[in-house]
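Trainee: Have a look at this prediction, sequence included:
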Amino acid sequence: MESPEGLERAVYPGSFDPITNGHVDIILRGAKLFPRILVAVLENPKKATLFSTEERVALIREIFKDQPHIEVEAFHGLLADFIRARQARVVIRGLRAVSDFEYELQMALMNQQINPDLETLFMMPSAHYTFLSSSLVKEVAALGGSVRGLVPETIERNLREKFASTSESSSL
Ligand code: ADP
């Protein structure tokens, strides 16, 4: 069945530095609602990241390589413009706790202002992941702690390699 215009694909934007099981949970929930999910990896030259944009995109592609309805692309500039260019109308964002709310509300209202056709859909992850963030994962991994079960295996491996090769973790 064809989806109404603009609802064929929802866009899930973020830094994903790196992607965690909380993000994966939201992507899989979104994929139950929309035929396609486009994971949009933010390329922000002003923000230092542990993984480069290319690495973040490649890692997420690897995780979803058997799920062709989950697409991955890098983007920069205004999210509202990117959404329009991809002929989408829905932005998915994850809400973990009240602490996420204020920033997310601001962003959603700003995007609505720029593109009134755009809708932001907030989704809650499984309760297991409400404490989880990319920065916490990086902090634990940098100190040699285990992040098993918190991130996909490929991310676990890549974090280990990253921190084995960097004596100082300046991009936390
Ligand atoms: P950003 O820099 O845009 O906040 P993130 O990669 O940190 O990028 O997060 C992308 C989106 O995923 C945000 O909406 C964020 O609230 C959500 N998110 C992050 N971690 C989790 C998690 N553990 N569970 C559910 N949603 C999450």
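Mentor: Cool, got the structure. Numbers count the residues shown, from 1 in each chain.
Trainee: ok now the longest helix seen in the chain, how far from the chain's centre?
Mentor: Selection of the longest helix in the chain by residue count, based on DSSP state H, yields helix 98-114. The chain centre lies 16 Å from the centre of helix 98-114; the measure is Cα atoms, centre = their mean, to the nearest Å.
Trainee: Give me the buried stretch members for it, please.
Mentor: Neighbour-count burial for helix 98-114 flags Glu104, Ala108, Asn111 (criterion: 16 or more other Cβ atoms under 10 Å). Glycine gets a C-beta too; all of them are placed from N, C-alpha and C.
Trainee: That one and the ligand, any residue contact?
Mentor: Yes: Helix 98-114 lies within reach of the ligand by Cβ under 6 Å from any ligand atom, at Asp100.
Trainee: Check which strands are paired with the next helix or strand after that helix and give the direction for each one.
Mentor: Downstream of helix 98-114, the first helix or strand assigned by DSSP states H and E is strand 119-123. Applying DSSP bridges to the sheet, strand 119-123 is found paired with strand 90-94 (parallel).
Trainee: what number of residues lie near the residue nearest to Glu104 when sequence neighbours are not counted?
Mentor: Distances taken as Cβ to Cβ, 6 or more residues apart in numbering place Arg93 nearest to Glu104, at 5.6 Å, with adjacent residues excluded. When neighbours are counted by other Cβ atoms under 10 Å, Arg93 registers 18.
Trainee: ditto for Leu42
Mentor: Using other Cβ under 10 Å, Leu42 has 19 neighbouring residues.
Trainee: isn't it right next to Asp17, touching?
Mentor: No: look at Leu42 against Asp17 with Cβ atoms under 8 Å: they stay out of range, at 9.0 Å.
Trainee: Tell me the backbone dihedrals of Ile70, please.
Mentor: Dihedral angles of Ile70 (phi, psi; degrees, to the nearest 10) stand at phi -110, psi 110.
Trainee: Then Ala40 would be within a helix, right?
Mentor: No: remark: Ala40 does not belong to a helix; assigned using DSSP: H, G, I helix; E, B strand; the rest coil, it is strand.
Trainee: what's it in contact with, if anything?
Mentor: By Cβ atoms under 8 Å, 6 or more residues apart in numbering, the contact list for Ala40 reads Val11, Tyr12, Pro13, Gly14, Glu73, Ala74, Phe75, Leu79, Phe82.
Trainee: Okay, and the beta partners of it?
Mentor: Per DSSP bridges, the residues bridged to Ala40 are Pro13, Glu73.
Trainee: And it, how far from Ser99?
Mentor: Separation of Ala40 from Ser99 (Cβ to Cβ, to the nearest Å) stands at 23 Å.
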